[in-house]
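Q: no sequence for this one, just the structure:
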């Protein structure tokens with residue numbers, strides 16, 4: 001009887017423990033799933049979940065654009081479906097990623113960004129929301145001439161076939177817009 005109780009106890013612990021990870025990446029769901037207990041905004045990034053082949057281009061000091069850099073942009077649900085993680089794997093070795101959490105108290109997404117080329121003890125943070133069919137995020141940043149403004153990130157044209165992204169410096173009124181980085185992504189088909 002003691003052995004049977006021990007087996008039952010172990011099974012109950014296993015069921016309880018593994019239930020905590022129902023929405024994590026698995027063989028059946030390689031990019032995880034949104035947790036039904038998460039804020040409904042967890043689905044804002046749904047079109048990006050998975051893997052896309054992308055072309056990334058940054059602007060030169062003279063205003064011209066650099067050649068496209070090939071990259072993979074991979075997205076998945078983490079923290080048992082309560083947050084989102086993405087990572088970029090660029091052919092030039094400049095890899096980066098983000099942890100994205102929606103905070104219900106402020107009704108905003110907070111995006112913590114990190115990079116292999118610029119390791120940091122404090123991650124830069126963008127914040128924002130989905131507006132209509134775009135996700136728009138901001139981080140306070142001065143222009144090279146000292147003008148106050150933001151670095152604005154926008155996801156748009158999001159669909160099951162891919163999406164686009166643009167990074168722009170904007171002034172406080174968003175009437176001055178200077179694009180510095182753009183990425184176009186196409187969904188990877190198995």
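A: It's in. Since the structure is predicted, the reported quantities are computational estimates derived from the model, not experimental observations.
Q: got the buried residues for stretch 127-134?
A: 128, 130 (16 or more other C-beta atoms under 10 Å). C-betas here are computed from N, CA, C, even on glycine.
Q: before we move on, what SS does the spatially most central residue of the chain have?
A: Nearest to the geometric centre of the chain sits residue 86, at 4.4 Å (C-alpha atoms, centre = their mean). Assigned with DSSP: H, G, I helix; E, B strand; the rest coil, residue 86 falls in the strand class.
Q: so it touches residue 75, yeah?
A: Yes - counting by C-beta atoms under 8 Å, residue 86 does reach residue 75; the two are 4.5 Å apart.
Q: which neighbours do those two share?
A: Jointly contacting residue 86 and residue 75 under the rule C-beta atoms under 8 Å, 6 or more residues apart in numbering are residue 48.
Q: next, count neighbours for the closest residue to residue 117 other than its chain neighbours.
A: Once flanking residues are discounted, residue 117 sits nearest to residue 94: 5.0 Å by C-beta to C-beta, 6 or more residues apart in numbering. Residue 94 has 16 neighbouring residues, counting by other C-beta atoms under 10 Å.
Q: contacts only, for residue 94.
A: With contact set as C-beta under 8 Å, 6+ apart, residue 94 has these partners: 69, 88, 115-117.
Q: what does residue 147 give?
A: Residue 147 sits next to 171, 176 when contact means C-beta under 8 Å, 6+ apart.
Q: tell me the contacts of residue 58?
A: Counting by C-beta under 8 Å, 6+ apart, residue 58 has contacts 65-66, 180-181.
Q: who does it bridge with?
A: With DSSP bridges applied, residue 58 shows beta-bridge pairing to residue 181.
Q: strands along the protein, start to end?
A: With DSSP state E, the ranges of strands along the chain come out as 50-58, 69-78, 83-90, 96-103, 108-115, 125-131, 134-140, 149-159, 162-171, 177-187.
Q: closest to residue 40 out of those strands?
A: strand 96-103 (8.9 Å; C-beta to C-beta).
Q: buried sites along that closest one?
A: Buried-residue list, strand 96-103, by 16+ other C-beta under 10 Å: 96-102.
Q: which of those residues lies closest to residue 150?
A: For the buried residues of strand 96-103, the nearest to residue 150 is residue 98 (17.1 Å; C-beta to C-beta).
Q: hey, what's the closest one bridged with?
A: residue 86, residue 113.
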